[in-house]
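Engineer: Below is the sequence, then the predicted model.
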Amino acid sequence: MAASPLPASPVAATPAPASTHGGRDAFASNLGAFAATVGSAIGLGNIWKFPYLTGSNGGAAFVLTYLLAVALVGLPVMTVEHVIGRRMRLDAVRAYGRLIPGKPYWSCIGWVGLASAVLIMAFYTDVAGWVFAYVFKSVTAYASGSALTPDTFGALAGGTWEPLCWQVAVLVLTTGIIAAGVSKGIEKVTKTLMPLLFILLIACDIRALTLPGASGGVAYLFKPDLSKLTGTVLLSALGLAFFKLSLGMGTMTTYGSYLPDQTRIVPNAARVALADTLVSLLAGLAIFPAVFAFGGKPAGGPGLLFNTIPLVFSKMPMGGLFTALFFLLAAIATIGAMVSLVEVPVAWIVEKGHAKRPVAAVVTGCGMFALGVLATLSQSPVLADVKVFGKTFFDLFDFLSSNVFLPVGGLAIALVGGWLVSRKAFVDEMNKGHTTERWHGRTVYWFIRFVAPGLILLILLNSLGVIRLA
Ligand code: PHE
């Protein structure tokens, strides 16, 4: 099989002003590129999913596997997505469809990505609805001098109309932002508030770590018990790495298409992965010490965040207000990730269906809501007993997207980048603007060809029972 040279970037043919590429928007600076990529990566995955999966997968052994998955698989796959995105300067479906001459079927990576975006949004908007509800609930609880308890969460998530209304509100807000074409403005707000979330997380950490009995939580996070490693742990950690870094579905390919030529792809991707992982670890350090200090259960499931954070701030002066602020900042971070998810199908409907943006946004929002209802009601008596492959709709959508679609998409992306595109063309794009080949570029390329696809394949085969790793 002859490796194909990457097609010449349309940019090379048509010189464009500094911040546009052939009429497409581009991030104006390296910092802008970094901040926007981080904006898609940081979201519920850090503060809700990372702690909840860590708790249900036994703690530090999962964290260790997750960190390895980010470094050995996530970073190489992000590099490929950015390289292909920047070289093609197209949306994901067309970027992969036109990448290898005569092989338009690689656009399937973009197609699976579209399906992943809809599946993810179906449960993501449910959880985002809980976050928005908690902003409201913590303010009213503070005003009335009452406290948020696990019952508060149970009643919300297990309800029927309340979670549905919040989910609709979240969908209307997100699709409204996209329909109005103000995503860029929102991105700016998100970016400015992100450092605040960071600071508040550190405040939570200090509070949680100074609670009596906190050390149990730190050990739970960082002292691995390798006997806890199972096939499920490996697959969940790999799935989380993809979900966290928004990989395997074309989001990062699209973001790559906005990267300025002077951005050095590998160091930029490494910084994004590092910042994102740091936020997850900070969230873990806010939650687990408190879980141990208050005698809670680490395997508290999807409600872990909602039941623990109010406890962390309880008995602190103005604790209720801090809780509200925490959920507000979390809600804002979530909007950035959701906008990047909804944008995937919207961009495709606008370009392929020649629809206007508001129409595309409404169609996408309705599709996401149709599946979203199933996810939301699967925690209420209405659908709680309905199981598909032994999973509720919520768990099924989460499992299918993170543990099947994204890793399989990531495998295809790594194989395309490492084996079907010529090495020279790939490395040229990766190192653009730098004459010497850097050690990190060479190392990452090796990871792209062998390590990342090899590990994904091993973990998938292990989950299918074809081989036995753990
Ligand atoms: N990375 C986001 C988060 O952690 C979720 C996401 C997944 C966003 C895939 C875009 C694409 O919350």
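Structural biologist: Great, that's in hand. Numbers count the residues shown, from 1 in each chain.
Engineer: Find the residue at the geometric middle of the protein.
Structural biologist: In the chain, the centroid-proximal residue (CA atoms, centre = their mean) is Lys244; its distance is 3.4 Å.
Engineer: For Thr392, see how far away it is.
Structural biologist: According to CB to CB, to the nearest Å, Lys244 stands 23 Å off from Thr392. Every residue, glycine included, has its C-beta placed from N, CA and C.
Engineer: One more: Pro212?
Structural biologist: 37 Å.
Engineer: Count the residues that sit near Phe389.
Structural biologist: Neighbours of Phe389 under the rule other CB atoms under 10 Å: 8.
Engineer: Find the residue closest to it in space, skipping its chain neighbours.
Structural biologist: Leu396 (6.7 Å; CB to CB, 6 or more residues apart in numbering).
Engineer: Secondary structure element for that neighbour, which one?
Structural biologist: helix 393-398 (DSSP states H and E).
Engineer: Tell me the helix or strand right after that helix.
Structural biologist: Following helix 393-398 in sequence, per DSSP H and E, is helix 406-415.
Engineer: contacting residues around that next one?
Structural biologist: Helix 406-415 has contacts (CB atoms under 8 Å, 6 or more residues apart in numbering) with 73, 76-77, 80-81, 84, 106, 108-109, 112-113, 116, 235, 238-239, 242-243, 247-250, 253, 448-449, 452-453, 456-457, 459-460.
Engineer: If we check the ligand, which of those residues are in contact?
Structural biologist: 243, 249 (CB under 6 Å from any ligand atom).
Engineer: The residue nearest to Phe389 contacts Val386, correct?
Structural biologist: No - applying CB atoms under 8 Å as the test, Leu396 and Val386 come out as separate, 10.1 Å apart.
Engineer: Would you mind telling me which of the two has the busier surroundings?
Structural biologist: Leu396 (20 against 11).
Engineer: Roughly how far does the more buried one sit from Thr230?
Structural biologist: 20 Å.
Engineer: Could you find the closest non-adjacent residue to Ala324?
Structural biologist: Ser138 (4.0 Å).
Engineer: go on, Phe222?
Structural biologist: Ala60 is the one closest to Phe222 (CB to CB, 6+ apart), at 5.4 Å.
Engineer: Show me where the stretch 301-450 of the chain has its helices.
Structural biologist: Under the criterion DSSP state H, counting those that start in this stretch, the stretch 301-450 of the chain contains helices at 304-313, 319-353, 357-377, 393-398, 406-415, 423-430, 439-446.
Engineer: what's the next secondary structure element after the longest helix along the chain?
Structural biologist: The single longest helix within the chain, with elements called by DSSP state H, is helix 108-144. Using DSSP H and E, the helix or strand that follows helix 108-144 towards the C-terminus is helix 150-157.
Engineer: For that next one, C-alpha coordinates in CSV please.
Structural biologist: What follows is helix 150-157 as a C-alpha-only set of coordinates in CSV (Å, rounded to 0.1, in the frame of the first residue of the first chain):
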residue,chain,number,x,y,z
PRO,A,150,-28.0,13.6,48.7
ASP,A,151,-31.9,13.6,48.7
THR,A,152,-31.7,16.9,46.7
PHE,A,153,-29.8,15.1,44.0
GLY,A,154,-31.9,11.9,44.2
ALA,A,155,-35.1,13.9,43.7
LEU,A,156,-33.6,15.9,40.8
ALA,A,157,-32.0,13.1,38.8
